[in-house]
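Enquirer: No letters, just coordinates:
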């Protein structure tokens, strides 16, 4: 049987006529077969969305006989007319199935449109390009941290670390200076200690400055109680003044232990430690800490070549260096109450030193100050006690500091001028602001000389 080619022009004409009829399409005619050349062409052409063709009549090919056409798309016998197996060459239907992605059979349109599958990114496509292909926003580089923020974070970390270290140190009771229990009044107040601060004159034989520093890290109290240098004491030497006790007993450690004994008799208990400085060490410490801002109460002018002493200060707020600070704490000749007024100025100056030196910016100076105290000052405090003392001063602060002088009055005894204490008033002052023990000091147990 001769092969008769299919007339596609007639098919196009019939399809055009059927578009106007809109007749329902039979189930068996919903798939239109194409020849192999059309299928190959469709496989090479990207799939596009085309409108579905109109339905086909049921009797379109009912008079045509294509049973022997190997490319017609109709089912074929197992063996070709020439004896070759049909599996030797691919049928048009298999070729059409292989290109089903591009030449899809005509189907009724669904109201829901299927999403197109995403194309997998190639391995060699850059990262930002892959993000665009996947419809995702490209990654943005994180802004570089500012140097200023790093510095602030570092400073904040150091401050927190110093604070935590300070709290940890304060909690270790073995660092707190404590006097022998036999020299006290029994049970102590938690976190409370009293230190004797003393300063010698130019010759180094008399302690012209004496103060009791009371610190309580639990209550936050920080008080200074001055003891006048001319205080009358029970002693066998010719001038029984408190400031002469240190030099009469040979100075140094022995002199300070003798002074501690006299102070214990006056206040009713032994202080927990002492710090003694001379004028040179005082000047060096003030210069090391960068000076002190202080309001000088009045003009101060005094010259004494024999002591190599020259004081020349004007009244008002100013920053004092070591030499100027030394002149301030030694001046007394222009005061109406002489030594009593000088004691008050000394207390105010020590308070200013504590407030200005115990700051974060001076933390770097603490090691050098600690070394100066240990090498230049006479003390019975060890390094741990000094660390506790600095931490307690920082924690208590100076905002609520109370400063006072032991109550008493001046008297002339045997041609000399003395400061005579009042035992009841001293007991009240000690119990109010300078007692590290739970029991009160009793006036009848104080070794105060009144004549």
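Expert: Perfect, I can see it now. In this text, all values refer to a predicted model and were calculated from it rather than measured experimentally.
Enquirer: just the strands in the protein please.
Expert: 192-200, 207-216, 221-226, 273-277, 292-296, 300-304, 309-313, 316-320, 378-379, 402-405, 408-413, 416-421 (DSSP state E).
Enquirer: what angle sits between the first one and strand 207-216?
Expert: Spelled out, that is strand 192-200. Angle between the axes of strand 192-200 and strand 207-216 is 160 degrees (criterion: axes from the mean of the first three to the mean of the last three C-alpha atoms, to 10 degrees).
Enquirer: Ok, the last one next?
Expert: The directions of strand 416-421 and strand 207-216 differ by 10 degrees, with the same axes, to 10 degrees as the criterion.
Enquirer: In strand 416-421, which residues are buried?
Expert: Across strand 416-421, burial judged by 16 or more other C-beta atoms under 10 Å covers 418-421. Any C-beta I mention is one placed from the backbone N, CA and C, and that applies to glycine too.
Enquirer: Quick check, pLDDT for the nearest residue to residue 183 once chain neighbours are set aside.
Expert: With sequence-adjacent residues excluded and distances taken as C-beta to C-beta, 6 or more residues apart in numbering, residue 183 is closest to residue 270, at 3.7 Å. Residue 270 carries a pLDDT value of 95.
Enquirer: Start the count at 59 instead of 1 going forward.
Expert: Happy to do that; since the first residue is 59 now, the last one works out to residue 328.
Enquirer: ok, residue 328 touching residue 317?
Expert: No - using C-beta atoms under 8 Å, residue 328 makes no contact with residue 317, being 11.3 Å away.
Enquirer: between those two, who's got more neighbours?
Expert: Using other C-beta atoms under 10 Å, the more surrounded residue of residue 328 and residue 317 is residue 317, with 26 against 18.
Enquirer: so that one makes contact with residue 303?
Expert: Yes - when contacts are counted by C-beta under 8 Å, residue 317 is listed as touching residue 303 (4.9 Å).
Enquirer: Quick check: neighbours shared by those two?
Expert: Common contact partners of residue 317 and residue 303 (C-beta atoms under 8 Å, 6 or more residues apart in numbering): residue 265.
Enquirer: Would you mind giving the strands of the chain as a markdown table with mean pLDDT and distance to residue 70 added?
Expert: Shown next, in a markdown table, are these (pLDDT from 0 to 100; distance: least, C-beta to C-beta, whole Å):
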| stretch | mean pLDDT | distance to residue 70 |
| --- | --- | --- |
| strand 250-258 | 94 | 113 |
| strand 265-274 | 93 | 110 |
| strand 279-284 | 92 | 109 |
| strand 331-335 | 93 | 117 |
| strand 350-354 | 94 | 107 |
| strand 358-362 | 89 | 123 |
| strand 367-371 | 90 | 119 |
| strand 374-378 | 95 | 108 |
| strand 436-437 | 90 | 117 |
| strand 460-463 | 88 | 114 |
| strand 466-471 | 91 | 132 |
| strand 474-479 | 93 | 132 |
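Enquirer: any idea how far residue 309 lies from residue 388?
Expert: 19 Å (C-beta to C-beta, to the nearest Å).
Enquirer: between those two, who's got more neighbours?
Expert: Using other C-beta under 10 Å as the criterion, residue 309 and residue 388 rank with residue 388 on top: 23 against 18.
Enquirer: Contact partners for that one?
Expert: If you count contacts by C-beta under 8 Å, 6+ apart, residue 388 has them with 259, 266, 337, 367, 369, 400.
Enquirer: Apply 10 Å and report the result again.
Expert: 257, 259-260, 266-267, 337, 340, 358, 360, 362, 365, 367, 369, 400, 404 (C-beta atoms under 10 Å, 6 or more residues apart in numbering).
Enquirer: from those, which is closest to residue 379?
Expert: Proximity of the contacts of residue 388 to residue 379 (C-beta to C-beta) peaks at residue 340, which lies at 11.7 Å.
Enquirer: give the contact list for residue 464.
Expert: The contact partners of residue 464, taken as C-beta under 10 Å, 6+ apart, are 268, 270, 283-286, 289, 324-325, 401, 477, 479-480, 483-484, 487-488, 492, 506.
Enquirer: just the buried members of these?
Expert: Restricting these to buried positions leaves 268, 270, 283-286, 289, 324-325, 401, 477, 479-480, 484, 487-488, 492, 506, with burial counted as 16+ other C-beta under 10 Å.
Enquirer: Residue 505 touches residue 327, doesn't it?
Expert: No - taking C-beta atoms under 10 Å as the definition, residue 505 is not a contact partner of residue 327, at 11.8 Å.
Enquirer: Out of the two, name the residue with the larger neighbour count.
Expert: Set residue 505 next to residue 327 and count neighbours by other C-beta under 10 Å: residue 327 wins out with 20 against 14.
Enquirer: Apart from its neighbours in sequence, what residue is nearest that one?
Expert: residue 242 (5.2 Å).
Enquirer: can you pull out the helices in the stretch 409-509 of the chain?
Expert: Taking DSSP state H, counting those that start in this stretch as the criterion, the stretch 409-509 of the chain carries its helices at 424-434, 441-454, 481-491.
Enquirer: ok, now which ones touch residue 395?
Expert: Counting by C-beta under 10 Å, 6+ apart, residue 395 touches 401-402, 468.
Enquirer: Quick check: phi and psi at it.
Expert: Per-residue torsions, residue 395: phi -100, psi 20 (degrees, to the nearest 10).
Enquirer: Can you give me the separation between it and residue 416?
Expert: 30 Å.
Enquirer: who touches the residue nearest to residue 327 in this structure?
Expert: Remark: with contacts taken as C-beta under 10 Å, 6+ apart, residue 242 is in contact with 236, 322, 326-328, 330, 494-495, 497.
Enquirer: In ChimeraX, how would I select just the buried ones from those?
Expert: In ChimeraX, a selection of the buried entries from the contacts of residue 242 looks like this (16+ other C-beta under 10 Å):
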select :322,326,327,328,330,494,495
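Enquirer: May I see the contacts of residue 242 arranged in JSON lines, with distance to residue 298 as well?
Expert: As requested, the contacts of residue 242 are exported to JSON lines (distance: C-beta to C-beta, whole Å):
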{"residue": "236", "distance to residue 298": "31"}
{"residue": "322", "distance to residue 298": "17"}
{"residue": "326", "distance to residue 298": "20"}
{"residue": "327", "distance to residue 298": "22"}
{"residue": "328", "distance to residue 298": "20"}
{"residue": "330", "distance to residue 298": "26"}
{"residue": "494", "distance to residue 298": "28"}
{"residue": "495", "distance to residue 298": "28"}
{"residue": "497", "distance to residue 298": "29"}
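Enquirer: Closest one to residue 434 out of the contacts of residue 242, please.
Expert: Of all the contacts of residue 242, residue 434 sits closest to residue 330, with 21.4 Å by C-beta to C-beta.
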